[in-house]
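from the sequence below, what's the structure:
(one chain, ligands or ions: 3)
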Amino acid sequence: MLTNNKNVLNWVDEMVSLCKPDKIVWIDGSEEQLNALRKEAVETKEMIELNQEKLPGCFLHRTQPNDVARVEGRTFICSRDQENAGPTNNWCDPKEMYAKLTPLFDGVMKGRTMYVIPYSMGPIGSPLAKVGVELTDSIYVVLNMDIMTRMGKSAFENLADDSNDFVRGLHSKANVDPDNRYIVHFPEDNTIWSINSAYGGNVLLGKKCFALRIASYQGKNEGWMAEHMLILGIENPQGEVKYIAAAFPSACGKTNLAMLIPPEIYKKEGYKVWTVGDDIAWIKPGKDGRLYAINPENGFFGVAPGTSEKSNFNALASTRTNTIFTNVAHNLDDNTVWWEGLDKNPPTNAMDWTGKPWNGKESDIKGAHPNSRFTAPAKNCPCISPKFDSPEGVPLSAIIFGGRRAKTAPLVYQSFNWEHGVFVGATMASETTAAATGKVGVVRRDPMAMLPFCGYHMGDYFKHWLEMGKKVGDKAPKIFNVNWFRTDADGNFIWPGFGDNMRVLMWILSRCDEKVDAVETAIGYEPKPEDINTEGLDIDSNVIKDLLSVDKDLWKEEADGIEEFFNQFGDKLPEEMKAQLNGLKDRLA
Ligand code: GTP
Ligand code: SPV
Ligand code: MN
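Numbers count the residues shown, from 1 in each chain. Ligands and ions are numbered 1, 2, ... in the order given. Next comes the predicted model:
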């Protein structure tokens with residue numbers, strides 16, 4: 001036992017009598033203990049040890065083919081009052097849900113070991129950090145939590161012996177039965193129950209379940225924000241660093257933007273980019289009245305396909321040691337890993353992500369699953385920010401929203417003010433990706449990239465954003481929208497993206513410093529085409545003009561879509577959002 005906290009001990013006892021494991025192991029976080037678990041996982045074939053010369057400390061894991069992504073349809077917010085879950089979440093009465101899940105958990109760990117994982121979201125000792133305890137029957141979960149969080153005995157340092165402020169996470173892979181898979185949140189009980197999955201966001205309960213769904217609810221009550229955002233710093237040649245947070249939906253470019261390598265024109269001047277986080281930000285006003293952000297995580301659970309030396313050098317570099325790969329292809333020639341987009345040489349003697357022999361030649365059979373991932377320690381990242389462990393976090397100059405839109409949304413625009421910025425975030429839309437089960441490529445509204453992650457009523461969430469803006473007043477970060485994904489008539493991306501996105505970030509920072517003018521349009525302020533630096537890019541100024549164009553007819557359709565989307569929130573939709581929609585319609589008329 002690693003703590004004297006009675007609330008923890010009583011709850012663990014209670015869950016032990018429910019799940020009836022043969023054995024209970026408290027995870028202290030020591031290398032000795034973790035090594036024993038790695039060894040056991042290799043012996044039971046839960047993980048494959050990769051080439052320890054080329055990839056020291058790295059392992060491969062495969063999940064069931066029916067268990068490869070978050071399952072939004074089976075994810076629930078069980079607030080006592082249905083109204084508090086809102087129209088965008090699945091809801092069930094908590095009593096009913098406990099009654100339904102209790103028999104599923106009853107005896108589920110017979111013949112298995114229960115691991116008790118204490119962890120901290122946020123640097124230990126940070127006033128913004130919070131403690132969680134996850135109980136699980138999966139070694140894969142323990143080893144991933146070790147990378148993704150500050151895990152082990154030290155996590156309890158942040159929890160007083162009489163405190164009840166920890167998140168209770170119960171997970172069992174059970175028999176990975178998709179028909180009885182449930183990812184359930186009880187925000188009023190600080191509790192998460194997850195059963196019948198063994199994949200990522202469904203089971204690493206510190207991540208989406210705690211750090212977004214439960215934390216967004218806590219943040220609303222405690223005056224802070226939990227957001228699906230990357231955090232990066234841009235250092236200018238004088239050594240000053242400005243920080244930006246950006247919310248894009250799953251598989252829409254957060255990890256890539258967070259680790260971007262500046263184009264030559266900026267590099268030679270001495271600009272640098274620092275990664276603070278790639279997926280989640282906890283944001284709170286600091287002593288000076290500005291908004292400060294921490295990354296509550298300690299690693300990256302990143303999308304593997306498309307990650308290459310060219311597209312995201314820093315992410316790839318992060319995966320060369322102590323990394324767990326999930327559902328990628330296994331190169332049998334040298335016992336390494338491969339995925340689509342890594343390079344142009346798929347292995348010819350390999351296993352695909354399902355474990356079937358694969359020769360890399362049939363292009364219609366993929367080696368890696370489109371949502372295959374790497375779990376890599378943040379400290380591996382060559383551009384990890386010196387402020388990564390900073391307890392107070394970093395001050396935000398700008399907040400960016402964005403999504404995948406083939407048409408409609410221009411490359412970049414700035415909101416008129418905070419309130420309009422909240423409207424821009426609230427009305428974001430994006431094409432769906434493989435990060436969640438379901439159809440890919442369908443446009444859906446995804447407010448602040450939080451549609452699958454907001455732990456309470458989305459209308460109240462908009463209200464909370466408005467209130468946070470009022471709290472920080474003129475010290476609020478400026479709010480922008482970007483779209484890297486506009487396509488031409490043949491469906492090709494027009495904007496080069498990746499490192500070249502820095503060119504857009506530079507305009508954004510110039511706006512924050514009031515160093516550059518803008519053009520006022522119906523949807524917000526846009527750059528003059530010549531203010532996007534295209535030096536060194538093979539791109540015509542007409543193309544930039546085109547990327548910035550606002551098609552009024554498309555935007556009128558957009559406004560109708562927004563109205564329809566807003567209608568579901570009824571009385572909970574803040575008046576300010578209605579006024580913003582009317583303002584947009586007037587400007588388009
Ligand atoms: P989650 O981890 O699911 O939250 O995803 P994410 O938002 O971190 O997305 P990520 O950076 O992993 O990118 C997802 C996919 O988008 C990858 O296949 C990338 O190659 C692609 N992508 C990222 N940035 C760009 C860009 O600027 N342009 C284009 N065309 N594709 C991009
Ligand atoms: C996402 O889907 O936004 C992810 C991956 O970051 S998961 O942890 O599975 O949610
Ligand atoms: Mn994500």
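
which neighbouring elements make contact with the helix or strand harbouring Gly425?
Take DSSP states H and E as the rule and Gly425 turns out to sit in helix 418-426. Judged by 3 or more C-beta pairs under 8 Å, 6 or more residues apart in numbering; DSSP states H and E, helix 418-426 is in contact with strand 394-402, helix 458-472, strand 478-482, helix 575-588. Just so you know, the C-beta spots here come from the backbone N, C-alpha and C atoms, and that holds for glycine as well.

and the residue located most distally from the centre of the chain, how far from Thr408?
Distance from the C-alpha centroid of the chain, by C-alpha atoms, centre = their mean, peaks at Ala589 (37.1 Å). Relative to Thr408, Ala589 is positioned 18 Å away (C-beta to C-beta, to the nearest Å).

returning to that earlier point: between helix 575-588 and the helix holding Gly425, find me the angle.
Relative orientation of helix 418-426 versus helix 575-588 (axes from the mean of the first three to the mean of the last three C-alpha atoms, to 10 degrees): 90 degrees.

contact partners for the closest residue to Asp177 other than its chain neighbours?
Excluding its sequence neighbours, the residue lying closest to Asp177 (C-beta to C-beta, 6 or more residues apart in numbering) is Asn196, at 4.8 Å. Neighbour list for Asn196: 104, 172-178, 180-182 [criterion: C-beta atoms under 8 Å, 6 or more residues apart in numbering].

what about Leu260, which SS state?
Assigned with DSSP: H, G, I helix; E, B strand; the rest coil, Leu260 falls in the coil class.

what sits against it?
Contacts of Leu260 by C-beta under 8 Å, 6+ apart are 232, 273, 312, 498-499, 501-502.

one more time with 7 Å
Shown in contact with Leu260 (C-beta atoms under 7 Å, 6 or more residues apart in numbering): 273, 498-499, 501-502.

ok, His420 next?
Residues counted as contacts of His420 (C-beta under 7 Å, 6+ apart) are Gln580.

just to revisit the earlier point, just the buried subset of the contacts of Asn196, written out for PyMOL, thanks.
In PyMOL, a selection of the buried entries from the contacts of Asn196 looks like this (16 or more other C-beta atoms under 10 Å):
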select buried, resi 104+172+173+174+176+181+182
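
circling back: ok, the residue farthest from the centre of the chain to ligand 3 distance?
37 Å (C-beta to the ion, to the nearest Å).

quick check: the gap between that residue and Asp551.
Separation of Ala589 from Asp551 (C-beta to C-beta): 15 Å.

Ala489 now?
Ala489 is 14 Å from Asp551, by C-beta to C-beta.

and these two? Which one has more around it.
Comparing Ala489 with Asp551 by other C-beta atoms under 10 Å, the one with more neighbours is Asp551, at 12 against 5.

for that one, what are its contacts?
For Asp551, no contacting residues are found, by C-beta under 7 Å, 6+ apart.

what's the helix or strand for the single nearest residue of the chain relative to ligand 2?
Of the residues in the chain, the one nearest ligand 2 is Gly201, at a distance of 2.5 Å by C-beta to the nearest ligand atom. In this assignment (DSSP H and E), Gly201 forms part of helix 200-203.

so Asn7, which state does it fall into?
helix.

Lys552 - nearest residue in space that isn't next to it in sequence?
Once flanking residues are discounted, Lys552 sits nearest to Leu588: 5.6 Å by C-beta to C-beta, 6+ apart.

residue of the stretch 351-500 of the chain with the smallest distance to ligand 3?
Residue nearest to ligand 3 within the stretch 351-500 of the chain (C-beta to the ion): Ala435, separated by 6.9 Å.

quick one: the helices in the stretch 401-550 of the chain?
With DSSP state H, counting those that start in this stretch as the criterion, the stretch 401-550 of the chain has helices at 418-426, 458-472, 501-512, 541-547.

so which of those helices gets nearest ligand 1?
Using C-beta to the nearest ligand atom, the helices of the stretch 401-550 of the chain put helix 501-512 closest to ligand 1, at 5.3 Å.

so is the closest one next to ligand 1?
Yes - contact between helix 501-512 and ligand 1, assessed by C-beta under 6 Å from any ligand atom, occurs at Asn501.

measure how buried Ala476 is and give me the count.
20.

tell me the contacts of it?
Contacts of Ala476 (C-beta under 7 Å, 6+ apart): 291, 418, 469.

for these, give me CSV that also has pLDDT and distance to Phe76.
Converted to CSV, those look like this (pLDDT from 0 to 100; distance: C-beta to C-beta, whole Å):
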residue, pLDDT, distance to Phe76
Leu291, 98, 31
Trp418, 98, 32
Gly469, 98, 30
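
which of those residues tops the neighbour count?
Leu291 (26 neighbours).

show me the contacts for the closest residue to that residue other than its chain neighbours.
Nearest residue to Leu291 in three dimensions, chain neighbours excluded: Leu396, at 4.9 Å (C-beta to C-beta, 6+ apart). Leu396 makes contacts with 243-245, 291, 293, 477, as judged by C-beta under 7 Å, 6+ apart.

from those, which land in strands?
In strands, judged by DSSP state E, the following of the contacts of Leu396 are found: 243-245, 291, 293.

from the residues you listed, which two are the most distant?
Pairwise distances across these peak at 11.8 Å for Ile244 and Leu291 (criterion: C-beta to C-beta).

quick revisit: quick check: pLDDT value at the residue farthest from the centre of the chain.
On the pLDDT scale, Ala589 is placed at 94.

swap in Leu548?
Value for Leu548, per-residue pLDDT: 97.

how near is it to Ile244?
In this structure, Leu548 and Ile244 are 20 Å apart, going by C-beta to C-beta.

what's the answer for Gly499, then?
Distance of Gly499 to Ile244, computed by C-beta to C-beta: 15 Å.

the more surrounded of those two?
Shown here are Gly499 and Ile244; by other C-beta under 10 Å, Ile244 has more neighbours (28 against 22).

please name the nearest non-neighbouring residue to that one.
Closest to Ile244 by C-beta to C-beta, 6+ apart is Ala398, at 4.7 Å.

list the contacts of that neighbour.
Counting by C-beta under 7 Å, 6+ apart, Ala398 has contacts 244, 477-478, 480, 508, 512.

repeat the analysis, applying 6 Å as the threshold.
Residues in contact with Ala398, defined by C-beta atoms under 6 Å, 6 or more residues apart in numbering, are 244, 477-478, 508, 512.
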